[in-house]
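> Sequence and predicted structure below; questions after.
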Amino acid sequence: SLFVTRLNGGVYKKSKNKWESFSDGIASTSLTEFEKTGKSTVEAIFDRVRASINLTYINGEGRSLYVMGLSGEIFKYHENKWSPIISGTRSRLTSIAPISESEFVLTGHDGYLARMKNDFPELIVHNIDDSFNCSAILNGVVFVGGYKGLYKIHENSITQIFEFEESEFNCLALDSFEDELLIVSERWFCIYKNNKWERTVLPGNRKYA
């Protein structure tokens, strides 16, 4: 199935060429509910904004489906509804790498990195000064992309593969297919294949290379 997330706790599922709401247990309280407390429309709008759960990512493995949020929220879909999981952070969470149906690697800003087993996240302790934006799995190995470099996860440790000196670099996305790993930056992309990196500057951005 195809799923998307949006602001205000929205999750949608595409079924039979039609999108349907898939947010039971996550969606923020409606504006009408805040107004019923006796507050003005303006006050109700501000309260709703403060209470909003803004989702950033969705992924899963097998029968497990998870979403993450801007302020450290994690929800798991189980028994036809979403239930919260304590992440241990208020930082923006950015990706979930499924190692198995019950084990995941979680990434986020401000150096947040955790291994989640049976829905209990445990922090991976490190001294890397970076915010992690994305993750991908290649040949059973979890790779993590940040603003300053690319990293590899081994058990409960993280190792930097190489650094990027260019100030323009920002690892926006990682993806993998068969024996290839793709890094997408703002101004170029790089493919790892056959033990070497092949970098391509995006059209129109050559002057920044």
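That came through, no problem. Numbers count the residues shown, from 1 in each chain.

> Could you give the number of residues near residue 57?
Neighbour count of residue 57, defined by other C-beta atoms under 10 Å: 20. (Each C-beta comes from the backbone N, C-alpha and C, glycine too.)

> In which helix or strand does it reside?
strand 55-61 (DSSP states H and E).

> likewise residue 160?
strand 157-163.

> list the helices and strands that strand packs on?
strand 149-154 (3 or more C-beta pairs under 8 Å, 6 or more residues apart in numbering; DSSP states H and E).

> got the angle between the strand it packs on and strand 157-163?
Interaxial angle, strand 149-154 versus strand 157-163 (axes from the mean of the first three to the mean of the last three C-alpha atoms, to 10 degrees): 150 degrees.

> Pull out the buried residues from strand 149-154.
Neighbour-count burial for strand 149-154, with 16 or more other C-beta atoms under 10 Å as criterion, is recorded at 149-151, 153.

> For residue 84, give the beta-bridge partners.
residue 75 (DSSP bridges).

> That one touches residue 74, doesn't it?
Yes. Residue 84 is within contact range of residue 74, at 7.0 Å (criterion: C-beta atoms under 8 Å).

> Mind checking what secondary structure residue 42 has?
helix (DSSP: H, G, I helix; E, B strand; the rest coil).

> Neighbours of it, how many?
8.

> Tell me the confidence at it?
We note a pLDDT of 70 for residue 42 in this prediction.
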